[in-house]
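In: What follows is a predicted structure for the sequence shown.
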Amino acid sequence: MIDIKFLREHPDIVKQNIKNKFQDHKLPLVDQVIELDAQSRAAQQEADELRRQRNVISKQIGVLMGQGKREEAMALKEQVAKNAARLTELEGQETELAAKVKEIMMVIPNIIDPSVPIGKDDSENVELERFGEPVVPDFEIPYHTEIMERFNGIDLDAARKVAGNGFYYLQGDIARLHSAVTAYARDFMIDKGFTYCIPPFMIRSNVVTGVMSFDEMDAMMYKIEGEDLYLIGTSEHSMIGRFIGELLEEDELPKTLTSYSPCFRKEKGAHGIEERGVYRIHQFEKQEMIVVCRPEESPMWYDRLWNYTVELFRSMDIPVRTLECCSGDLADLKVKSLDVEAWSPRQQKYFEVGSCSNLGDAQARRLQIRVKDADGNKYFAHTLNNTVVAPPRMLIAFLENNLNEDGTVSIPKVLQPYMGGKTKLE
């Protein structure tokens, strides 16, 4: 959510930003919110004036009563009563108009960074850099679930009977590998100075609307029937939500946190051959990194965060590339976003395994996460998030890139301590 003052003073910039995101249907909202805001401020000014008059008249009434001028005092009391009725009316208008303004402001997209490439959808995202040499071996790479099945490591049929499509049972060495990757990612981030957290896996609706757009909420979140609770789609939701309504001391920043959680997603609209297996599922686990910082520091943290993901994947011998998300591929709250994609020898292309986002002060403004500096000045914090690792997709990249011709899977040195010293999956 952008600053209403900025929209009021720079409506053309806000409209151009909407055009850059190819959301022209939202253009009328800018003029609507300006009109409603003007009405709201007019009502507030009149209400403030009536409150001022009430204080003045109340003092006059006291003086007149002290002087024995009862009739004049009663006339002023009638005026106070009329003003009180009008004030009640105005206060109702203020509440109603403020709610309408907020509702529209929650839909208007955040101002994107000037460096973001303009494009309609993810087909126009821009490759930035490659790390590691993508290799296509001279033997056939099976589909990832076939590799897992060779180790008796996955059971999709049983999961369908228990929960339906989009779920799985992992077992044996594959399940152990899943946990090893998560544990390694946890320790990797701790070594970078991040504080490890395990957050709530459910959040209230005011936190949901604080951390994501309505479109994202509808496409992703599972609602707990009969309660004001949603299952989290990523631990970023509850990790940012933990600071709701807080006034942070500037010298406490940055807050650098890494969190583990299961994630639950509807995955509306998911389809296609690569949706098979464990590529796109309703339940998975993830290690996340979250930063709450001063506005001037968020570009630095953005670059640092995605570099951590690249470093992690390269330590496991997985080639990756970075992809700059274009304007049309950015969620409404994001200022800038970058995807990390891993190489798939089987598909002979890259696929997304992580996403790094700078949300500016959008989440902080919605959740009222403020910072107080040494002089007592207050401002909204900036928030960022990035995937450390999401093991289901990580498993695909790991198994394909570490598969040997004899069917064994090599285990990189960094993971061996988490696999009981094993150097290969047999």
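Out: Looks like it came in fine.

In: give me the number of residues near the residue nearest to Arg294 when sequence neighbours are not counted?
Out: Of all residues not flanking Arg294 in the chain, Leu253 sits nearest, at 5.7 Å (CB to CB, 6 or more residues apart in numbering). Every C-beta, even on glycine, is put in place using the N, C-alpha and C of the backbone. Residues contacting Leu253 under the criterion other CB atoms under 10 Å number 16.

In: Then Met106?
Out: Neighbours around Met106, by other CB under 10 Å: 15.

In: for it, what are its contacts?
Out: Met1, Thr209, Ser213, Phe214, Arg366 (CB atoms under 8 Å, 6 or more residues apart in numbering).

In: Could you work out the end-to-end span of stretch 152-170 for me?
Out: Using CA to CA, to the nearest Å, the end-to-end distance of stretch 152-170 comes out at 9 Å.

In: The chain should start at 9 in everything you say after this.
Out: All right, first residue 9 from here; so that's stretch 160-178.

In: where are the low-confidence patches of the protein?
Out: 67, 71-72, 81, 276-284 (pLDDT under 70).

In: where's the longest helix seen in it relative to the chain centroid, distance-wise?
Out: Using DSSP state H, we find that the single longest helix of the chain is helix 35-74. In terms of CA atoms, centre = their mean, to the nearest Å, the centre of helix 35-74 is found 38 Å from the chain centre.

In: Buried by neighbour count: which residues of that helix qualify?
Out: By neighbour count with 16 or more other CB atoms under 10 Å, helix 35-74 contains the buried residues 37-38, 41-42, 44-45, 47-48, 51-52, 54-55, 58, 65, 69, 72.

In: likewise stretch 94-109?
Out: Leu95, Leu98, Gln101, Glu102, Leu105, Lys108, Val109.

In: Format those residues as a markdown table; extra columns: secondary structure and distance to Thr395.
Out: Below are the buried residues of stretch 94-109 laid out as a markdown table (DSSP: H, G, I helix; E, B strand; the rest coil; distance: CB to CB, whole Å):
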| residue | secondary structure | distance to Thr395 |
| --- | --- | --- |
| Leu95 | helix | 52 |
| Leu98 | helix | 48 |
| Gln101 | helix | 45 |
| Glu102 | helix | 42 |
| Leu105 | helix | 40 |
| Lys108 | helix | 36 |
| Val109 | helix | 34 |
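
In: Following the chain onward from the helix or strand encompassing Thr103, which element is next?
Out: Using DSSP states H and E, Thr103 sits within helix 78-113. Counting by DSSP H and E, the next helix or strand C-terminal to helix 78-113 is strand 134-139.
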